[in-house]
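A.B. asks: Fold the following, please.
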Amino acid sequence: MTRLSSLTLPEGHSGYATLYADPPWRFTNKTGKVAPEHRRLHRYETMTLADIAALHVAPLAAQPAHLYLWCPNALLAEGLDVMKAWGFTYKANIVWHKVRKDGEPDGRGVGFYFRNVTELLLFGTRGSMRTLAPGRRMVNILKTIKREHSRKPDEAYRIIEQCSPGPFLELFSRHARPGWDVWGEEAPEGEGESISRGELVTFVGGSYKRGAEATERLIRREVAAI
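C.D. replies: Below is the predicted model:
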């Protein structure tokens, strides 16, 4: 498995114009039922703030570039720190409003001070680059029904694709999406090539390529775009 710190762009690759990340944030309270590391419901491994901030994301980004970063409400300050550590400047956010089938707020959320029914998708830039024209007509709220634990809404991809230019890279990916390169360490059974399993996986010609083949395809794609 390739660590993110070991990933480098092949010669001739100018970097990703848009990056999308959902890091495995670590909360102080690990015993709550919604905690990722709950001893009985153990869902996935988490990372410390220092480890997330130290990830080598900046070398993967183009100049200029956009970053979309999921951040729990309780860790907003930490999310802003991570964005800065990755070389991006915070500009705005999109609020994910979790609703029930009837459209009312999903009150099953938890929180120490308030019952959370929202989550933040922070938006930042590296260098100077506005959102594309469709983005400047969109409101910054996304209302969808909550799905399985920690899964983010698929609608976020469509928003990003309309608001920001490619090439696209998703970090901490769990599922494949056509047109996106992905990196992630989670590998649910049955996903096959749709999960990167810790490698940078490139989407070219309707399928995903790994390792040396992915690097070769990246170079070919960059050359063809010139």
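A.B. asks: which residues in the chain form strands?
C.D. replies: Using DSSP state E, the strands found in the chain span residues 16-21, 61-71, 89-99, 118-126, 141-145, 168-171, 180-183, 202-204, 207-209.
A.B. asks: Turn those strands into TSV, including mean pLDDT and distance to residue 161.
C.D. replies: (Glycine included, C-beta is placed from N, CA and C.) Formatted as TSV, the entries for these read as follows, by pLDDT from 0 to 100; distance: least, Cβ to Cβ, whole Å:
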stretch	mean pLDDT	distance to residue 161
strand 16-21	96	9
strand 61-71	97	11
strand 89-99	95	14
strand 118-126	97	14
strand 141-145	90	14
strand 168-171	93	7
strand 180-183	86	9
strand 202-204	58	13
strand 207-209	54	18
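A.B. asks: Mind putting these into a markdown table with mean neighbour count?
C.D. replies: What follows is the strands of the chain, written out as a markdown table (neighbours: other Cβ atoms under 10 Å):
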| stretch | mean neighbour count |
| --- | --- |
| strand 16-21 | 23 |
| strand 61-71 | 22 |
| strand 89-99 | 16 |
| strand 118-126 | 20 |
| strand 141-145 | 14 |
| strand 168-171 | 24 |
| strand 180-183 | 24 |
| strand 202-204 | 20 |
| strand 207-209 | 18 |
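A.B. asks: which stretches of the protein have low pLDDT?
C.D. replies: Along the chain, the parts satisfying pLDDT under 70 run over 1-7, 10, 29-44, 109, 148-150, 185-226.
A.B. asks: swap the cut-off to 50 and go again
C.D. replies: By pLDDT under 50, the low-scoring segments of the chain are 1-2, 38, 187-197, 212, 215-226.
A.B. asks: coming back round to it: with distance to residue 51 as added columns, please give the strands of the chain in CSV.
C.D. replies: CSV is the format used below for those (distance: least, Cβ to Cβ, whole Å):
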stretch, distance to residue 51
strand 16-21, 13
strand 61-71, 15
strand 89-99, 21
strand 118-126, 18
strand 141-145, 28
strand 168-171, 13
strand 180-183, 15
strand 202-204, 25
strand 207-209, 27
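A.B. asks: For residue 28, find the nearest of these.
C.D. replies: Distances from residue 28 to each of the strands of the chain were compared using Cβ to Cβ; the minimum, 15.5 Å, belongs to strand 61-71.
A.B. asks: Pairing partners for the closest one, with directions?
C.D. replies: According to DSSP bridges, strand 61-71 has the following sheet partners: strand 16-21 (parallel), strand 118-126 (antiparallel).
A.B. asks: got the angle for it vs strand 89-99?
C.D. replies: Interaxial angle of strand 61-71 relative to strand 89-99 (axes from the mean of the first three to the mean of the last three Cα atoms, to 10 degrees): 40 degrees.
A.B. asks: Check what contacts strand 61-71 and list those residues.
C.D. replies: The contact list for strand 61-71, computed with Cβ atoms under 8 Å, 6 or more residues apart in numbering, reads 14-23, 25, 57, 78-79, 82-83, 86-88, 94, 119-129, 131, 152, 156, 160, 163-165.
A.B. asks: Could you measure from residue 126 over to residue 86?
C.D. replies: 8 Å (Cβ to Cβ, to the nearest Å).
A.B. asks: To clarify, my last question referred to residue 159.
C.D. replies: Distance of residue 159 to residue 86, computed by Cβ to Cβ: 20 Å.
A.B. asks: What sits closest to residue 100 if chain neighbours are left out?
C.D. replies: Sequence neighbours aside, residue 106 is the residue nearest to residue 100 in space, at 5.2 Å (criterion: Cβ to Cβ, 6 or more residues apart in numbering).
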